[in-house]
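Q: Kindly return the folded structure for what I paste below:
(2 chains)
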Amino acid sequence: MNVELRGIHKYFGNTHANSDITLTIPAGTIQGILGENGAGKSTLMKILSGFIHADEGEIVLDDKPVLIQSPAHAIQWGVGMLHQDPLDFPPMRVIDNLLIGRAGGLFPNQAAVAREFKLLAEQFGFSIDPESYVDSLTVGERQQLEIIRLLWLGARVLILDEPTTGISAGQKEKLFATLRILAEQGKTIIFVSHKLEDVEVLCHRVAVLRQGSLVGEAKKPFDTKKLVEMMFGKEISLGARQVVEQHGCVLALNDISIEDVRLKIRNVTLEVNGGEVIGLAGMEGSGQGAFLRACAGMVHPVGGNVKVRGRDLTGKSYHVYKRNGVEFLPAARLEEGLIPGLSLTEHYVLAEKSKGLFINREYGIRQAQERIASFNIKGTPVHTVESLSGGNQQRALLSLLRDPLSLILIEHPTRGLDIESVIYIWGKLKERCRKNTAIIFMSSDLEEILQYSDRVLVFFSGKVSQPLDASTISVEQLGQLIGGKGWAS
Amino acid sequence: MRTIVKKNSRWVMIGFQIAALVLALLFTTLILVAAGAPPLEAYKNIITGSFGSFKKFSDVLVSWIPLLLVSAGLLVTFATGLWNIGVEGQITLGAIATTWALRELQDTSLPPALIILLAIVAGMAGGAFWALLAGALKTFGGVNEIFGGLGLNFVATALTIYLIFGPWKRPGVASMSGTVPFDETLHLSLFPGLRLSPWALVIAIIAIVIVYFLLQGTYFGLRLKAVGKNFRAAYRLGIPTWQHMLLSFAICGALAGVAGAVQVTAVYYRLIPSISSGYGYLGLMVAMLVNYQAIWAAPVALFFAALNIGSIQLPIVLKLDSSLSGVLQGMLVLFVLIMEGVRQRISRRS
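A: Residues are numbered from 1 along each chain as shown, chains lettered A, B, ... in the order given. Next up is the predicted model:
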């Protein structure tokens, strides 16, 4: 089926998630969609598969404009989407997962469905027992199940969102082979990924999104350098790099290993000095989040030890780290950082050590006024945090940091902020560095990483690079490493 | 500009609450009409039954005391974001512990006042213990406090029945009327000619005042609110979260336990099967109705108590069941919640 997207616009509040995207995908093609996190890939695919609606623009399938109202409606048109986290029903049998998606009588014909399932599975060499329970399958097998389910429902356009995350190399080979067969059969495959290598191996064509816009298209064979440039853009000047004098070791990681559901990080050794800034680069979910939390005691490493200013804090809770001068600032400001429903003043009161039983309101308000002024927050002491804009919430979060501190760990310090706020916030953070505080932060903005870090660690599927000197590495080199190229494996 | 909007919204809020009250009355009236009863007559009876005489009003206060104690406790757990449905069982355990203490101490040479005091403290401990069980189930066992509390309510009821018909049964034949009444020296003293105990009244008022200040002005109260509104952010800000949850359970349980203790020492003078009298569930309704604001708990609890007492004579005068007050209370809570939903929906649209 030929798929055409014409002039798609989508707004979330003030964010322009998709801006005038026009893309034509002929039948039988494997189309790659590349872009960093937040580039608008998922939004575009959700529009095509009926999860959300475009504010403007139209979708044309085989020269026929259609209005896709829901995912169930999309599949009737032949459009099916495979999500990054499989949207299935783990406690149910494989066969039930198939039956659920189809309207039908009171007593579905299970035997016939099982036969059809086996036939489809054999075609691609999948070996899934229709009677088994979904929670006994691996992520790769659940993906296979989902592909079969969508084909069985009549999908002629298959959208795959980051399908190679969390599956084994063998399963990836099988997946790619399957997708090639499907393309030969005339099905349209849309492959959304941030992994350059996968896209280059599999796709016939690639479209690159950046900040909500379609910035370029390319055909096989691809020029990696050009793709990286399209994904991450050209450098913007943020002023001269500042180098702060470094003193003494603040954080020492000795041979630590971290495991979570998706990935394993092995044997990282690192020493961070007071005044130093370490940037963590990598696509979302490559391990940098778990690493950051491990440095704060929020995730416990399965091996190795963590020392803060020489004190061994391995296995201790975040509160112990906090008492030792470590603070963690999460990206999810309203979920993990601030408390919706409480005012700025109440936040400052909570962050301070309590003096006596009763709260001194006037002192609290004075304190709040001071911080609001010094952090340039647009709000008053009685404003609740959720009524502030994103940038001001971020400033509020920073203003809650105690002084002095040994180590600040930050997830996406400036995500979603305008350039002025970025410069302002980093000004505040560098002030801390001059007071001998070390900072480790993760960001998907390579400019930010190169501009403000002294050293950079790159993460790719749980692998961690050696610390790279930020003053000598280029955006392009970094981009290649993030996309999984140039790793000695 | 901003203050004008705020003022407006406050009046709008009050308008919606009045609308809720009117709708609740309207709906209850419909039910009365459907049942073939004269609505105005019924309402008049409720009013005269509760405020018709000083004696009647003092009876309202007798009912107000446990309700206020329970509501005060629930304000604390609600502030922490917890649905302490188990409060009913916590009242019961308070009553059981008080009864136990009185039984143990009644034959000693201790002064009666001290025995009563110790019995009330035992009631607090009993209620707190039962609440901590629900809290521990939640924090360490991952059992939602609603389910844990509900389960413990049944256990508490079963325990009461067991004690009344087993170890604490009356000499001769055990009966549903409860254990042997305590000696008059072990009763909380009453106002002459009334069933109202000044001591109990003072305890209840102190409790709500303490809870008000706790939630309004203390570091502890603010931390409880922080935990209730955003568990993860509170933890990140350095607040020991599960400890605060358990503490808030314990405080609520202790207050519910006092309510149970009052029922034993100032109302029934013994342990009876339904000693909690539904005050726990009624307290939940009061807390919801006042939108978790301590300042409104006292008047609303008084209103609910008045409805309870006022409807007692309905069966005699109008051949209506006294559960009419429950209908009105339930309607009121439902409509207030509905109107709040409507108000939010409208304000979001505009």
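Q: okay, CA-based contacts and neighbour counts for the rest of this
A: Will do.
Q: Could you point out the helix or strand that follows the helix or strand hosting A:Ile159?
A: Assigned by DSSP states H and E, A:Ile159 falls within strand A:157-161. Where DSSP H and E defines the elements, the next helix or strand beyond strand A:157-161 is helix A:169-184.
Q: Can you tell me what sits against whichever helix or strand comes after that following helix?
A: Next along the chain after helix A:169-184, taking DSSP H and E as the criterion, comes strand A:188-193. Strand A:188-193 has contacts (CA atoms under 8 Å, 6 or more residues apart in numbering or on different chains) with A:1-3, A:25-35, A:41-42, A:156-163, A:179, A:182-183, A:199, A:203.
Q: would you list every one of the strands in the stretch 201-350 of chain A?
A: Listed in chain order, the strands of the stretch 201-350 of chain A (DSSP state E, counting those that start in this stretch) span A:205-210, A:213-219, A:247-259, A:264-274, A:277-281, A:303-308, A:311-312, A:326-329.
Q: Of those strands, which stretch is the most buried?
A: strand A:277-281 (a mean of 28; mean count of other CA atoms under 10 Å in any protein chain shown).
Q: quick check: angle from that strand to strand A:264-274?
A: 160 degrees (axes from the mean of the first three to the mean of the last three CA atoms, to 10 degrees).
Q: Give me the sheet partners of strand A:277-281 and which way each runs.
A: If you go by DSSP bridges, strand A:277-281 pairs up with strand A:438-442 (parallel), strand A:455-460 (parallel).
Q: Quick one: mean pLDDT for it?
A: For strand A:277-281, mean pLDDT is 94.
Q: go on, stretch A:342-351?
A: For stretch A:342-351, the per-residue pLDDT averages 93.
Q: The closest residue in space to A:Gln246 that isn't next to it in sequence - how many residues pack around it?
A: Using CA to CA, 6 or more residues apart in numbering or on different chains and skipping the chain neighbours, the partner closest in space to A:Gln246 is A:Gly275 (4.9 Å). A total of 27 residues lie near A:Gly275 under the criterion other CA atoms under 10 Å in any protein chain shown.
Q: Looks like A:Gly275 contacts A:Glu431 (just checking).
A: No. Contact between A:Gly275 and A:Glu431 fails when scored by CA atoms under 8 Å: they sit 9.4 Å apart.
Q: Nearest residue to the residue in the stretch 151-300 of chain A that chain B sits nearest to in space, please, no chain neighbours.
A: Nearest residue of the stretch 151-300 of chain A to chain B (CA to the nearest CA) works out as A:Met298 at 9.5 Å. Distances taken as CA to CA, 6+ apart put A:Tyr318 closest to A:Met298, at 5.5 Å, once the chain neighbours are dropped.
Q: any idea how far that neighbour lies from A:Ile278?
A: According to CA to CA, to the nearest Å, A:Tyr318 and A:Ile278 sit 20 Å apart.
Q: per-residue confidence at A:Gly104?
A: 65.
Q: my bad, should have said A:Leu119
A: The model's pLDDT for A:Leu119 equals 88.
Q: Any chance of JSON lines for the strands paired with strand A:277-281, columns mean pLDDT?
A: As requested, the strands paired with strand A:277-281 are exported to JSON lines (pLDDT from 0 to 100):
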{"stretch": "strand A:438-442", "mean pLDDT": "95"}
{"stretch": "strand A:455-460", "mean pLDDT": "92"}
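Q: can those go into TSV with extra columns for mean neighbour count?
A: Below are those laid out as TSV (neighbours: other CA atoms under 10 Å in any protein chain shown):
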stretch	mean neighbour count
strand A:438-442	25
strand A:455-460	24
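Q: between those, which gets nearest to B:Leu302?
A: Closest approach to B:Leu302 among these is made by strand A:438-442 (55.6 Å; CA to CA).
Q: on that earlier part again, wait, what's in contact with the residue nearest to A:Gln246?
A: A:Val244, A:Glu245, A:Gln246, A:His247, A:Arg432, A:Cys433, A:Arg434, A:Lys435, A:Asn436, A:Thr437, A:Ala438, A:Ile439.
Q: circling back: I'd like the strands of the stretch 201-350 of chain A laid out as JSON lines, including distance to A:Val139.
A: What follows is the strands of the stretch 201-350 of chain A, written out as JSON lines (distance: least, CA to CA, whole Å):
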{"stretch": "strand A:205-210", "distance to A:Val139": "26"}
{"stretch": "strand A:213-219", "distance to A:Val139": "30"}
{"stretch": "strand A:247-259", "distance to A:Val139": "17"}
{"stretch": "strand A:264-274", "distance to A:Val139": "16"}
{"stretch": "strand A:277-281", "distance to A:Val139": "26"}
{"stretch": "strand A:303-308", "distance to A:Val139": "26"}
{"stretch": "strand A:311-312", "distance to A:Val139": "37"}
{"stretch": "strand A:326-329", "distance to A:Val139": "31"}
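Q: wait, which of those is closest to A:Gly13?
A: Nearest of the strands of the stretch 201-350 of chain A (CA to CA): strand A:213-219, 16.9 Å.
Q: got any ranges where the stretch 251-350 of chain B has weak pLDDT?
A: Of all residues in the stretch 251-350 of chain B, those with pLDDT under 70 make up the ranges B:348-350.
Q: any idea where the helices of it begin and end?
A: Ranges of helices within the stretch 251-350 of chain B are B:279-289, B:294-310, B:314-318, B:324-349, based on DSSP state H, counting those that start in this stretch.
Q: Could you figure out how far the longest one is turned away from helix B:279-289?
A: Following the same axes, to 10 degrees, one obtains 30 degrees for the angle between helix B:324-349 and helix B:279-289.
Q: Kindly report the same for the second one.
A: Relative orientation of helix B:294-310 versus helix B:279-289 (the same axes, to 10 degrees): 130 degrees.
Q: Mind giving me the packing neighbours of helix B:294-310?
A: helix B:39-51, helix B:54-79, helix B:198-217, helix B:279-289, helix B:324-349 (3 or more CA pairs under 8 Å, 6 or more residues apart in numbering or on different chains; DSSP states H and E).
Q: ok, B:Ile46 - contacts?
A: B:Ile46 touches B:Ala306, B:Leu307, B:Ile309, B:Gly310, B:Ser311, B:Leu314, counting by CA under 8 Å, 6+ apart.
Q: So which of the helices and strands packed on helix B:294-310 is nearest A:Ile95?
A: helix B:324-349 (40.9 Å).
Q: List the buried residues for the closest one?
A: B:324-325, B:328-337, B:339-340, B:343 (16 or more other CA atoms under 10 Å in any protein chain shown).
Q: For beta bridges, what are the partners of A:Val60?
A: A:Glu4, A:Pro65.
Q: just for the stretch 1-150 of chain A, where's the confidence low?
A: A:14, A:37-38, A:103-105.
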